[in-house]
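Trainee: got a predicted structure here, sequence first:
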Amino acid sequence: MQMMKKNKIYIIAEAGVNHNGSLNYAKQLIIKAKKCGADAIKFQIFNKYEQISNFALTAPYQNRNTKKKNMLKMAEEYDFEWENHIVLKKLCDRIGIEYMASCFDKKSVDFYIKILKAKIMKIASSEIDNLRLLKYINLKCKNVILSTGMSNIDEISIAVKCLKKVKNLYLMQCTSLYPTKLEEANLNVIKLFIQRFNLITGFSDHTLTSTSALVSVGCGARIIEKHFTLSNSLKGPDHKMSLNPKKFKKFVSQIRNAEKTLGFLTKAPTKEEKKIIKYSRRGLFAAVNIHRGEKLSHRHISYKRPSSFLPISFEKKIIGKKVKRFISKGLPIKKNIF
């Protein structure tokens, strides 16, 4: 999978329900996400009547953005036929972007694996304590991304254990606030996840800027997820805090630039640095007049630029050696004088 490439940040355009129930919108989201440079686009597959009761109220941000109090009625308005995902998966395969979805029940998991034959499944933050679902996914899926919003480290540990048979498990630091304030992103958790679980870790970014995502790259995130919409003016729970195509393209470009800065887990001069060593470092020069037959001592040597004659590292090799010819003060010490 692309996310396994060394120093390659895997960028997911989170479409969610931003298709507003329209197959045409969903297709446009895929096409635009590909043009913006995303590696994957993610949707949701669920049976609303199995997942949501009549007692469920919309979250404050959903109520604010949709003016609906009942979560089931909101879900009905953005209903999306499962068969549409077959069309979307084929489109993704054709244009070269990874299709992905969050699954919320056993039926959607089976549909995802058997019918869509998708490679990577996402587990939403809301399901991290749904051990029944996690254990089922553990038996069915090879590649799983687990989001960790609203959870503590003990709940995450239990979830990771439930998914122990998953071949490739990835963790996502996530704060389930829409939008998330910068001070609530808690990016140091990425380092904790890497140390504690030894898993490739990412960041599900719900902030309104690119700052957190860019910092997360430096913290070790190798997967970045960001909400994506065709237009911020569309009606729906997530459009206002999503990036439109113009902003998402810029976001991807910024992540790719951050990606370039990562380097490697080794410290050595770069190819271009090697060219300027002789100009920047000091070499060995005569601190005084050195006469023929004298044995070199530290008092004879000063350090000056450039290092292109004999670098400082050669000093210990020549101390105590007799010089074959006179060297005036200030001249470079060369190999051919011994």
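Mentor: Nice, thanks for sending it over.

Trainee: distance of the nearest residue to residue 227 once chain neighbours are set aside from residue 134?
Mentor: Sequence neighbours aside, residue 242 is the residue nearest to residue 227 in space, at 3.7 Å (criterion: C-beta to C-beta, 6 or more residues apart in numbering). Where you see a C-beta, it was placed from the backbone N, CA and C, and this is true even at glycine. Separation of residue 242 from residue 134 (C-beta to C-beta, to the nearest Å): 27 Å.

Trainee: ok, those two, which is more surrounded?
Mentor: For residue 242 versus residue 134, neighbours defined as other C-beta atoms under 10 Å are more numerous around residue 242 (26 against 21).

Trainee: and the least confident helix or strand in the chain by mean pLDDT, what's buried?
Mentor: Using mean pLDDT, DSSP states H and E, the weakest-scoring helix or strand in the chain turns out to be helix 71-77, at a mean of 77. With burial defined by 16 or more other C-beta atoms under 10 Å, the residues of helix 71-77 counted as buried are 71, 72, 74, 75.

Trainee: so the first one versus residue 77, what's the distance?
Mentor: Using C-beta to C-beta, we find residue 71 at a distance of 11 Å from residue 77.

Trainee: on that earlier part again, pull the most distant pair out of the buried residues of helix 71-77.
Mentor: 72 and 74 (7.2 Å; C-beta to C-beta).

Trainee: quick check, pLDDT for the residue nearest to residue 227.
Mentor: According to the prediction, residue 242 has pLDDT 96.

Trainee: again with residue 2
Mentor: Residue 2 is assigned 50 on the pLDDT scale.

Trainee: likewise for residue 49?
Mentor: Looking at residue 49, the pLDDT reads 76.

Trainee: from what I can see residue 306 touches residue 278, true?
Mentor: Yes - Residue 306 lies in contact with residue 278 (C-beta atoms under 8 Å); the separation is 5.2 Å.

Trainee: then stretch 253-271 to PDB, C-alphas only?
Mentor: Extracted as PDB, the C-alpha positions of stretch 253-271 are listed here (Å, rounded to 0.1, in the frame of the first residue of the first chain):
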ATOM      1  CA  SER A 253       1.100  20.800  -1.400                       C
ATOM      2  CA  GLN A 254       2.000  21.900   2.100                       C
ATOM      3  CA  ILE A 255       2.000  18.300   3.400                       C
ATOM      4  CA  ARG A 256       4.300  17.200   0.500                       C
ATOM      5  CA  ASN A 257       6.700  20.100   1.300                       C
ATOM      6  CA  ALA A 258       6.700  19.000   5.000                       C
ATOM      7  CA  GLU A 259       7.300  15.400   3.800                       C
ATOM      8  CA  LYS A 260      10.500  16.600   2.000                       C
ATOM      9  CA  THR A 261      12.000  17.800   5.300                       C
ATOM     10  CA  LEU A 262      11.800  14.500   7.100                       C
ATOM     11  CA  GLY A 263      15.100  13.000   5.800                       C
ATOM     12  CA  PHE A 264      16.400   9.700   7.200                       C
ATOM     13  CA  LEU A 265      17.200   8.100  10.500                       C
ATOM     14  CA  THR A 266      20.900   8.600   9.800                       C
ATOM     15  CA  LYS A 267      23.100  11.700  10.200                       C
ATOM     16  CA  ALA A 268      25.500  12.400   7.300                       C
ATOM     17  CA  PRO A 269      26.400  15.300   5.000                       C
ATOM     18  CA  THR A 270      24.100  15.600   2.100                       C
ATOM     19  CA  LYS A 271      25.500  15.400  -1.500                       C
END
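
Trainee: thank you, goodbye.
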